[in-house]
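Undergrad: fold the stuff below for me.
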Amino acid sequence: MRIAVFTDNYFPETNGLVTSMLNQIRFLGKKGHEYLVFSPGYSTRIRLEHARQYGFFSIPIPSYKISRVGFPDRGFIRKVIHQYRPDVIHVHTPFLIGRAGIKAGKEMGIPTVGTYHTKLDNFVEYVSVIEQLGLGRFFRPRHRLKKKMSWLLTNAFYRNCDVITTPSRTMKRELVANGSKNSILVVSNGVDLKTFTPKKDYSIKKRILHVGRVSYEKRIDVILRAMQHIREDIHLTIAGTGPALGSLKELRDRLGLKNRVRFTGNVRHKELCRLHHTHDIFVTASDMETQGLAALEAAASGMPIICVDKMAVQEIVDGNGYVVRAGDYMTIAEHANRIICDQMTLEKMGRKSRSIAEGHDLKKVLSGLESVYKAIIAKKNQSIK
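TA: As a prediction, the model looks like this:
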């Protein structure tokens, strides 16, 4: 198959969406499929054996310069699509480049898959144009209005897809509850079980880990406040970078945690497993994850998970950690203290985490995605006949 990918986020950005796309391209490319990737232009490019990348003129987002807004050239897209004749279009983002992909699919009759990666009604709280321009203090639309508008835009975008995929049951329920009429399939982001191998040593390291984009919506501030109530001989590592890094370092220092909390900056994806193995538990307080790939990778490495009861990370916590009320840093602290003091519990929960992650084996997940592509291509061909 020839698969055309349209995305407003791509390498060198480091997030679950980009990791998921790169996994798809690498795995399905090895099976003989060819990719065209339309994305913003970045100064750093990644070369993948089975993919051609077309980067459009782009400008950095002021608060997070590694992310860029790309401006698609529709004439160029039309020319490339005519030349390579992809069998299927896969759209990963509902923004400018993603919309160009939807338009190309409609104009040329190419079956289109749209993946719902990001819950926009939560995300706009942090990245709205109003906030980016620094006007939040003067004008702040009511949450109900923003939520309604976000879902109107979401449904208007995804209704043009032949099928929607989303990585969790939680997100499928959200889409249906908010008016989506499309066929919706749950397709996990998956985790590479060869890269993320299970721990062998469960001796207590007295280290807690958080991995992910260091941005406001991830609620890392909640984890820092929990650290005030976690034993003083226990340390926290925060791996990643992002727009909230400066303010979180200030909060860490203000809370008197400078000697107990370390920010590593970006960590290469292949080095994450080693990082997992040198820590005891993984904690996330994010309340807007559509799956939580960082938590899934930690589970595959055999780490107990503490997460919150909003959105989808809780789907991978069942006897391998704890789910707490969103924002409840005191309960996060209680559970962290309990797990990290008991090696038997650490090992029991860690082994259960690995078992749960095995249900998201990347090879099986992407074979399922390949079947989705084949099914909508066959359906489109049948309708032409």
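
Undergrad: mind checking pLDDT for the residue nearest the centre of the chain?
TA: Ranked by distance to the mean C-alpha position of the chain (C-alpha atoms, centre = their mean), the top residue is residue 16 at 2.9 Å. On pLDDT, residue 16 comes in at 92.

Undergrad: and it, what does it touch?
TA: Contact analysis of residue 16 by C-beta atoms under 8 Å, 6 or more residues apart in numbering lists 117, 189, 212, 291-294. C-beta here means a position set from N, CA and C on the backbone, and glycine is covered the same way.

Undergrad: please repeat the previous calculation with a cut-off of 6 Å.
TA: residue 293 (C-beta atoms under 6 Å, 6 or more residues apart in numbering).

Undergrad: cool, residue 352 as well?
TA: 319-320.

Undergrad: pull out the CA atoms of the helix or strand hosting it and give them to me as PDB.
TA: Taking DSSP states H and E as the criterion, residue 352 maps to helix 343-358. C-alpha atoms of helix 343-358 as PDB (Å, rounded to 0.1, in the frame of the first residue of the first chain):
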ATOM      1  CA  GLN A 343       9.800  -4.500  47.600                       C
ATOM      2  CA  MET A 344       7.300  -7.400  47.300                       C
ATOM      3  CA  THR A 345       4.500  -4.900  46.300                       C
ATOM      4  CA  LEU A 346       6.900  -3.200  43.800                       C
ATOM      5  CA  GLU A 347       7.600  -6.500  42.100                       C
ATOM      6  CA  LYS A 348       4.100  -7.800  42.200                       C
ATOM      7  CA  MET A 349       2.700  -4.600  40.700                       C
ATOM      8  CA  GLY A 350       5.600  -4.300  38.200                       C
ATOM      9  CA  ARG A 351       5.000  -7.800  36.800                       C
ATOM     10  CA  LYS A 352       1.300  -7.000  36.500                       C
ATOM     11  CA  SER A 353       2.100  -3.800  34.600                       C
ATOM     12  CA  ARG A 354       4.200  -5.900  32.100                       C
ATOM     13  CA  SER A 355       1.300  -8.300  31.700                       C
ATOM     14  CA  ILE A 356      -1.100  -5.400  30.900                       C
ATOM     15  CA  ALA A 357       1.300  -3.800  28.500                       C
ATOM     16  CA  GLU A 358       1.600  -7.100  26.600                       C
END
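
Undergrad: how about stretch 240-257: buried residues?
TA: For stretch 240-257, the neighbour count (16 or more other C-beta atoms under 10 Å) marks 240-245, 248-249, 251-252, 257 as buried.

Undergrad: chain center to that stretch, what's the gap?
TA: With C-alpha atoms, centre = their mean, to the nearest Å as the basis, stretch 240-257 stands 22 Å off its chain's centre.

Undergrad: quick one: the closest residue to residue 204 other than its chain neighbours and residue 210, what's the gap?
TA: The shortest distance from residue 204 to any non-neighbouring residue, by C-beta to C-beta, 6 or more residues apart in numbering, is to residue 343 (5.6 Å). With the distance defined as C-beta to C-beta, to the nearest Å, residue 343 ends up 22 Å from residue 210.

Undergrad: these two: which is more packed in?
TA: Taking other C-beta atoms under 10 Å, residue 343 and residue 210 do not tie; residue 210 has more neighbours (24 against 13).

Undergrad: residue 89: what secondary structure?
TA: strand (DSSP: H, G, I helix; E, B strand; the rest coil).

Undergrad: please list all residues in contact with it.
TA: 4, 101, 105, 110, 112.

Undergrad: 7 Å instead, please
TA: Residue 89 is in contact with 4, 6, 101, 104-105, 110, 112, counting by C-beta atoms under 7 Å, 6 or more residues apart in numbering.

Undergrad: how near is it to residue 81?
TA: Per C-beta to C-beta, residue 89 is found 8 Å from residue 81.

Undergrad: which neighbours do these two share?
TA: Here residue 89 and residue 81 have 4, 104 as joint contacts, going by C-beta under 7 Å, 6+ apart.

Undergrad: related to what we said a few turns ago, any idea how far the residue nearest to the centre of the chain is from residue 289?
TA: Distance, residue 16 to residue 289, using C-beta to C-beta: 8 Å.

Undergrad: start and end of stretch 163-173, how far apart?
TA: Stretch 163-173 has an end-to-end distance of 15 Å (criterion: C-alpha to C-alpha, to the nearest Å).

Undergrad: what comes up buried for it?
TA: Neighbour counts over stretch 163-173 (16+ other C-beta under 10 Å) mark 163-168, 170-172 as buried.

Undergrad: secondary structure, pLDDT and distance to residue 348 added to those residues, as a markdown table?
TA: Formatted as a markdown table, those follow (DSSP: H, G, I helix; E, B strand; the rest coil; pLDDT from 0 to 100; distance: C-beta to C-beta, whole Å):
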| residue | secondary structure | pLDDT | distance to residue 348 |
| --- | --- | --- | --- |
| 163 | strand | 97 | 39 |
| 164 | strand | 98 | 37 |
| 165 | strand | 98 | 34 |
| 166 | strand | 97 | 31 |
| 167 | coil | 97 | 27 |
| 168 | coil | 97 | 25 |
| 170 | helix | 96 | 26 |
| 171 | helix | 96 | 30 |
| 172 | helix | 96 | 31 |
